[in-house]
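Visitor: What follows is a predicted protein model with its sequence.
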Amino acid sequence: MHIHLLPVYSCPAANLPQGVTLPTGWSHPAWHQAATLEALRDPTVDVVINTAMTGDGKSLTIVLETFFGERYYSVLAMYPTNELARDQEGQMQQYIATFKPQGKPRVSRLSGPELEIYAENEDLRKAAALNTLSQQREILLTNPDIFHYLHQGAYLRKGDSPDLLWGRMDKDFNLFVFDEFHIFDAPQIASVINTMLLIRHTNQPKKFLFLSATPDQPLIDLLEKSGFRTKVINPQAENKYQFPTTELERQTLADQHWRQVVRGIDLKFVSLPLQAKALEEWLRAQGEMILEHFMQQPGTKGAIILNSIAAVKRLLPYFRELFQVKGLVVSENTGLSSKSVKEKSLQADLVLGTSTIDVGVDFKINLLLFESADAGSFIQRLGRLGRHDGYTRDGQWIAFTYFTAYALVPNFFAERLFLGSEAPLIEEGTYERPFFHEQVRATYRRVNEFEQYYQRWGGVQSLYLYQQLNNKTVRETYAGSREAFKASAEAAFKTNLNAIFMRRKEWQGQWKALYGENAKGNPIAEDAISFRGTSPLSCGLYDLTESTLAERFKSYELPGILSNLETEAMTKAEFLRLIEGSVEKTGQPIPKGRFREALAFMKLRGYREERLDWKFIYSGDIVSAAQTWKVQVLKGFNVWQPGNPWITNLNEQLQKKFFVCYPVLRPAAEVRAQLQLPMHFQLYPLTDNPHGSSPYSIAFGQSALLLDTLASSKTEGDHGYVKQKGGRA
């Protein structure tokens, strides 16, 4: 099944924004860029949301006000992946070189590992290192995780004033930018709203800019409930995109300074059964066909984007061997790929990767093969193609002459699009992007947005920040701010902080009853105030398949290890000795903070050809635990996986650990399907009988909190249901 997607042209601004001068060769900024700049300068607007299409130059809006604003803007820009931040750092440097602004703004990039290394090298605490970096940069590129935790006081010592870090840092920056925010879930949105409210009520007025190709209505609603004055810049809604069908129309638009955002694409649907390895088998079978694309069109660059890291690793040797004969380079870009491998992948002829491609890097490709788990990831991944006319290699410009995508989709999705009297698409049809995207959203999987999370859990972080403002060191300074923050948070999340305070006391009482009166912390509350969750199943990996010694130290989740990796157990002491040995040999520092709470440590030797079965076993009463209908802390888990030589040692560690979890008396596959759970949702098979099936399932950490929001009151006779409106799993 084959369709054609028309190119997309973006409307130019009618006039140059005041004070903006363009470099030689630049004609006009896009309409959305000028509109965003105008909104940022509008004193009646607090938050600007730019929903221009992927590839339409949203990142330029970050620097225009910094370069040309009447009052000097410094920018803290946040990206969901470190790869994207690294990519944008290069883009910012190009903008500076091209526009040549007065004063030449200083640009720096900061991730968690880089912060740890910087602090060690400069013999500074992380708080001092953050202060130094913020004061010495006009544009700081980081991730929203650091933004979240510095406002929680995570980098402070006991006795420090809660505002020691954010009190200064929030003053250093005038514009806070959140890029690709549509990929985040409810917990991250709640976190950002809370932090924005803290900044708003404790500091001078600031501007916030969200860049997202997909309008996020829950975010907009929360912002407005919080009292933020919001302006949405939506080129599509304003008819600022054109989709020419002829060469004459394209030339006319170009003469009027409309800019081509996306090239026309030939999109082919490959319908596959929902069977394990079906997609991998198809790719192997079609390897020669894929290679033929490169032979027929010299200079072709392509990408294969898959859901599974293990699938990429299994397919990589096959494609490398096949393409090497023709002198073509194949590389990888996944969550387990090292930094140097990811950087080299940009130069490869064919790259195999996962979500690190569709979120993290601006690849210049004209051939794309991809799978997707839902409508959102389908549109996101297709958007990687057609963004560039070509690329430069060894000083020579190589132009793309065609753009082809193969969408590897389940049978049911293809049937809904093309078969039946009401099918929205026809074979060889030609369509505009917005119409096509609407059909994808209407016919493919939609993931649960957990809209009840905000009211159920969003206020837990609000309470934490409210109490920080009541600390004796800042109580008088922020007396008015504290109560204003409380009122805004309660309005945003439709909650009551006093009620949340009582809930938190209840969790702490249950924790002490389980662990002992001397128990420290409050595990459920800690997960609720974290940004992406506490990752209780994270393990340290020493990757023997990695050629670069200093890049062998990685982290990965236990379920993925059990399913797909060939590993050998090792001790934490051995793992840390290898780190120290690597540092001595290479002189390259290795951040160790991510391994501090690792569940186990292993050597990675390879990737399995077949996925291995496994399940969690709970030694307690599953039915009783599940019928409490709430998030709880439980102990007594094992893993069942016969033939695994290190499973006994792992289970010794698991038995000691307490987990924030939500058990369900239904199989994992059924719960996932009925509740439309995202692909990487932490829900796993659970049983109380290692020799039987897995009739139950369990969610851990932040996923447990999300699952809890779908629960409703139960009636006698229900057995472990998690209900949604109109249905149950």
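Guide: Received, thanks.

Visitor: Show the residue spans covered by the helices in the stretch 151-300 of the chain.
Guide: Assigned by DSSP state H, counting those that start in this stretch, the helices in the stretch 151-300 of the chain fall at 166-172, 186-202, 217-225, 247-255, 278-285, 287-296.

Visitor: Out of those, the one nearest Phe553 is which?
Guide: Smallest distance to Phe553 across these (C-beta to C-beta): 26.5 Å, for helix 186-202. In this view, the C-beta of every residue, glycine as well, is placed from N, C-alpha and C.

Visitor: For that closest one, enumerate the helices and strands it packs against.
Guide: Contacts defined by 3 or more C-beta pairs under 8 Å, 6 or more residues apart in numbering; DSSP states H and E place helix 186-202 against helix 144-151, helix 166-172, strand 175-179, helix 217-225, helix 453, helix 459-468, helix 479-493, helix 701-708.

Visitor: JSON lines please, covering those and showing mean neighbour count and mean pLDDT.
Guide: Compiled in JSON lines, the helices and strands packed on helix 186-202 are given as follows (neighbours: other C-beta atoms under 10 Å; pLDDT from 0 to 100):
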{"stretch": "helix 144-151", "mean neighbour count": "21", "mean pLDDT": "92"}
{"stretch": "helix 166-172", "mean neighbour count": "18", "mean pLDDT": "88"}
{"stretch": "strand 175-179", "mean neighbour count": "24", "mean pLDDT": "94"}
{"stretch": "helix 217-225", "mean neighbour count": "17", "mean pLDDT": "88"}
{"stretch": "helix 453", "mean neighbour count": "24", "mean pLDDT": "95"}
{"stretch": "helix 459-468", "mean neighbour count": "23", "mean pLDDT": "97"}
{"stretch": "helix 479-493", "mean neighbour count": "19", "mean pLDDT": "95"}
{"stretch": "helix 701-708", "mean neighbour count": "25", "mean pLDDT": "95"}
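
Visitor: nearest to Thr334, of the ones you listed?
Guide: helix 144-151 (19.9 Å).

Visitor: Quick one: distance of that closest one to the chain centre.
Guide: 15 Å (C-alpha atoms, centre = their mean, to the nearest Å).

Visitor: quick one: stretch 540-550 to chain centroid distance?
Guide: With C-alpha atoms, centre = their mean, you get 24 Å for stretch 540-550.

Visitor: separation between Met502 and Val359?
Guide: Per C-beta to C-beta, to the nearest Å, Met502 is found 39 Å from Val359.

Visitor: Tell me if I'm right that Val351 and Asn333 touch.
Guide: Yes - contact criterion C-beta atoms under 8 Å: Val351 and Asn333 qualify, at 5.5 Å.

Visitor: overlap in contacts of the two?
Guide: 345, 357 (C-beta atoms under 8 Å, 6 or more residues apart in numbering).

Visitor: Among those two, which residue is more densely surrounded?
Guide: Val351 (29 against 26; other C-beta atoms under 10 Å).

Visitor: and the more buried one, that's in a helix?
Guide: No - counting by DSSP: H, G, I helix; E, B strand; the rest coil, Val351 is located in no helix; its state is strand.

Visitor: Residues in a beta bridge with it, which ones?
Guide: Going by DSSP bridges, Val351 is paired in beta bridges with Ala303, Ser331.

Visitor: Low-confidence regions, the stretch 301-450 of the chain specifically.
Guide: Low-confidence segments of the stretch 301-450 of the chain (pLDDT under 70): 360-361.

Visitor: Show me the strands in it, by range?
Guide: Ranges of strands within the stretch 301-450 of the chain are 302-305, 330-333, 350-353, 367-370, 390-393, 396-399, 404-410, 430-431, based on DSSP state E, counting those that start in this stretch.

Visitor: Pick the most buried one from these.
Guide: Mean neighbour count (mean count of other C-beta atoms under 10 Å) peaks for strand 350-353 among the strands of the stretch 301-450 of the chain, with a mean of 27.
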